[in-house]
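1. the following block contains a protein sequence and its predicted model.
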Amino acid sequence: MTAADFPYRERLRQLAELMLAVAGESVTMMKKTAPEQALTLKRQNEWGLYLEFLKIMFNLADRLAALHVPIKDQMDFMNGLEDAVTGRLKDVLAPAFGDRTDQMEIALTIGTTVAESRRTYEPYAFLVTEESKTKNDMFRDFGEKIAEALGVPGNAKLGSAAALCAGAVVPAMEAILRGQAQPTSSSPVAEPSGQPMERPDQSDRQRTTGRDIKLISMVSSISRDVIETRWGLHPRFREDLTPDELRQLTTLLNRVAKIVGERCAAVACSEQWASTQRAGHA
């Protein structure tokens, strides 16, 4: 079943765009975190880093889909996501390579990426929406893999930056799967530097994704009787903060999260909300 035939088509498209954009931005951040290694980084190695980020994101998407997609649809959903990422990557590379773009090679590359993702990350057993030692171990091992790929094995700073980039995508993925992400038109996504992309026309800039950078995100979610409010920082923004600035910002955001959580609880307990939920299940 292709992405075009699947009932989750819009969510698959949004997930594919998100994954490719985050992978490209993450590679850029890795190069800025390790500038000396970036100077000697070959294009093939940079592409390898890009695929490493896609591997862990395929795994994260699979874990989240298990929570938000009916069991009978989960296999088709992940196959659809593979197709969506493949198709979007073809669109991204077409302006740079034109007729030289090998469509079959792209499909095989993504297929191999998905297979390696399953082999590498499925052995880690944890619930993706909760903190656990196993979850931390997986992100730590992923960070070490990225550091090793850049030729600096054991580099804690680089490993932490890679883990932050990968972990930061979870709330955005979950929002898409819940149908909370705003529908967007198709737009270019980030890719490894060295592969030029066409820039959209001026008239398209107001409606394309990737133009606005969210430095701080905060989300409240309701699951039965539990209300959870989470916040996060853009990895590069976090990197630019001094320890003192980070402590101050953490204190402020914790206060804001408390206020937002209380307001969310008040709305969830209101008669208007209750009537809406009853209507939704009628």
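-> Cool, the structure landed. Predicted model only: the values in this text are computed from it and were never measured.

2. lowest mean pLDDT among the helices and strands of the chain, which one is it?
-> helix 271-281 (a mean of 46; mean pLDDT, DSSP states H and E).

3. surely Gly87 is in contact with Ala16?
-> Yes - assessed by Cβ atoms under 8 Å, Gly87 is found in contact with Ala16 at 7.5 Å. C-beta here means a position set from N, CA and C on the backbone, and glycine is covered the same way.

4. can you report how many residues lie near the nearest residue to Gly111 once chain neighbours are set aside?
-> With Cβ to Cβ, 6 or more residues apart in numbering as the criterion, Gly111 has its nearest non-adjacent residue at 6.9 Å, and that residue is Glu82. Glu82 has 21 neighbouring residues, counting by other Cβ atoms under 10 Å.

5. next one: Met104
-> Other residues close to Met104 by other Cβ under 10 Å number 7.

6. again, but for Ile56
-> For Ile56, using other Cβ under 10 Å, the count is 28.

7. which SSE is it in?
-> Using DSSP states H and E, Ile56 sits in helix 43-68.

8. right, and the helix or strand after that helix?
-> Using DSSP H and E, the first helix or strand after helix 43-68 is helix 71-97.

9. what angle sits between that following helix and helix 43-68?
-> 160 degrees (axes from the mean of the first three to the mean of the last three Cα atoms, to 10 degrees).

10. without its sequence neighbours, what residue ends up closest to the spatially most central residue of the chain?
-> Taking Cα atoms, centre = their mean, the centroid of the chain lies closest to Val169, which sits 3.2 Å from it. Take Val169 and drop its neighbours on the chain: the residue closest to it by Cβ to Cβ, 6+ apart is Val22, 5.0 Å away.

11. chain center to the helix or strand hosting that neighbour, what's the gap?
-> Assigned by DSSP H and E, Val22 falls within helix 9-33. With Cα atoms, centre = their mean, to the nearest Å as the basis, helix 9-33 stands 6 Å off its chain's centre.

12. try stretch 14-34
-> 9 Å.

13. list the buried residues for it?
-> 14-31, 33-34 (16 or more other Cβ atoms under 10 Å).

14. and for stretch 131-140?
-> So for stretch 131-140, counting by 16+ other Cβ under 10 Å, buried means 135, 138-139.

15. okay, domains of the chain per the record?
-> 8-178, 216-280 (the TED database).

16. out of these, deepest packed?
-> Neighbour counts averaged per stretch over the domains of the chain are highest for domain 8-178, at a mean of 18; criterion: mean count of other Cβ atoms under 10 Å.
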